[in-house]
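K.L.:
predicted model follows, preceded by the sequence.
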Amino acid sequence: PSFYHECRSEGEDDEPESDSAKARLDAILNRKWSFNQEAAEEARKDMRQYFNPYDVITMTSDDVATGRLRRFYLSKKLSVNLVPPGLHRLLPKKLLFRNQHYKKCSLVGNSGVLRNSSCGSQIDSSDFVVRCNFATLKGYEKDVGTHTDVVTFNPSIIEKYNKLSTKADGARFAGDLKNYRERYVLWVPVFNRQYVTVALRTLLDFFDKHLGFIKNVQLAFPGNVLPDISDYWASKGVDEERISTGLLMYNMASALCDEIHMYGFYPFPEFNGKPIPYHYDHAPDRVGKKFDYGYKRFHELPDEFVYLKKLHRAGIVKLHVGECP
Ligand code: CTP
């Protein structure tokens, strides 16, 4: 067995709230980390047996013929989605980031552990930065930075914009899209629900009408890869109804990056004995709240964290938890 497969160690399944689990996490994170090219290559090869990581980035217009319906699957058991009208027009003509390779990438999850982390400048110094769910940058620059190449967008986020019900809501959304960064890819997982939601329809209609004015945004829509990705993660002991955005971004980054650094991946309500919010941009009155329900509906984030620690130990990703030096 290779280094990549050998990196399990006893007791790692505990959540890091207990003192001993915390000590173990500290020991893992404080050990000198160096990138293991060979193990990363092996991990990539393993992934390729299940799916092509480039397919996580986006479909292109060639993948969806105009006017023709195509089935999509959420998992082997759960179908079915049909391509909504209008998607074809929004898809990029060519695969994005083709032939691009980045030495150091940062994936930014949304955990409250990022608060007061001062990780912003480290994140910004990476060659390629991916963020999740249109996370707030303004006001948190010191902790999360601003450099963004890709940011994910679950269609349900339009609820924050009153479901784009009025012209003013649409204008606010368009303004936020324009001002997020100068140029970036907005990655929209269109088929991660069992049905095409009203939110998705509304979002696609909005883009169809307004994208001409929002020239700094390139849309990306992943294709029919979720069932294969779920199989891949199940083989790693992460068996959940829906793979989290954060893990999908790790899969995407594997196609494009050597070193993958992960910040804000810490699905626990306490860090260093202090309560932290679920999201770094949550108001103080939400501290601890989402941990009672929320992610448990679809995701098993603590199981994901166990696997991320393994990847860290194997030198495939570097997990950054807590303050940055
Ligand atoms: N995350 C984490 N710990 C947290 C919050 C988030 O590890 N306390 C990671 C997860 O991998 C998550 C990603 O950061 O997918 C983005 O966070 P978020 O926007 O909260 O995603 P979710 O709302 O949980 O939903 P989804 O993954 O379905 O997009």
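P.N.:
Okay, I see it.
K.L.:
quickly find the element holding residue 123.
P.N.:
Using DSSP states H and E, the element containing residue 123 is helix 120-124.
K.L.:
ok, residue 107 next?
P.N.:
For residue 107, the host element (DSSP H and E) is strand 102-108.
K.L.:
hmm, back to that, is the helix holding residue 123 positioned near the ligand?
P.N.:
No - judged by CB under 6 Å from any ligand atom, helix 120-124 stays clear of the ligand, getting no closer than 13.9 Å. In short, each C-beta sits where N, CA and C put it, glycine included.
K.L.:
partner strands of whichever helix or strand comes after that helix, with direction?
P.N.:
Downstream of helix 120-124, the first helix or strand assigned by DSSP H and E is strand 128-131. Using DSSP bridges, the strands paired with strand 128-131 are strand 102-108 (parallel), strand 150-152 (parallel).
K.L.:
so which residues make contact with strand 128-131?
P.N.:
If you take CB atoms under 8 Å, 6 or more residues apart in numbering as the criterion, strand 128-131 is touched by 102, 104-108, 123, 144-145, 147-152, 249, 252-253, 256-257.
K.L.:
could you list the residues of the stretch 201-325 of the chain in contact with the ligand?
P.N.:
Residues of the stretch 201-325 of the chain found near the ligand (CB under 6 Å from any ligand atom) are 244, 245, 246, 264, 265, 266, 267, 278, 279, 295, 299, 301.
K.L.:
ok, those vs residue 176, which is closest?
P.N.:
residue 279 (16.9 Å; CB to CB).
K.L.:
any idea what the closest one is bridged to?
P.N.:
When bridges are called by DSSP bridges, residue 279 pairs up with residue 111.
K.L.:
what is the neighbour count of it?
P.N.:
20 (other CB atoms under 10 Å).
K.L.:
and the residue of the chain found nearest the ligand, what are its phi and psi?
P.N.:
Across the chain, the shortest distance to the ligand (CB to the nearest ligand atom) belongs to residue 246, at 2.2 Å. Here is the backbone geometry of residue 246 (degrees, to the nearest 10): phi -60, psi -40.
K.L.:
how about the contacts made by the nearest residue to it once chain neighbours are set aside?
P.N.:
Distances taken as CB to CB, 6 or more residues apart in numbering place residue 109 nearest to residue 246, at 4.6 Å, with adjacent residues excluded. By CB under 8 Å, 6+ apart, the residues touching residue 109 are 132, 246, 262, 263, 264, 265, 266.
K.L.:
phi, psi of the residue nearest to the fourth one when sequence neighbours are not counted?
P.N.:
Meaning residue 263. Distances taken as CB to CB, 6+ apart put residue 320 closest to residue 263, at 4.8 Å, once the chain neighbours are dropped. When read as degrees, to the nearest 10, the backbone of residue 320 gives phi -110, psi 110.
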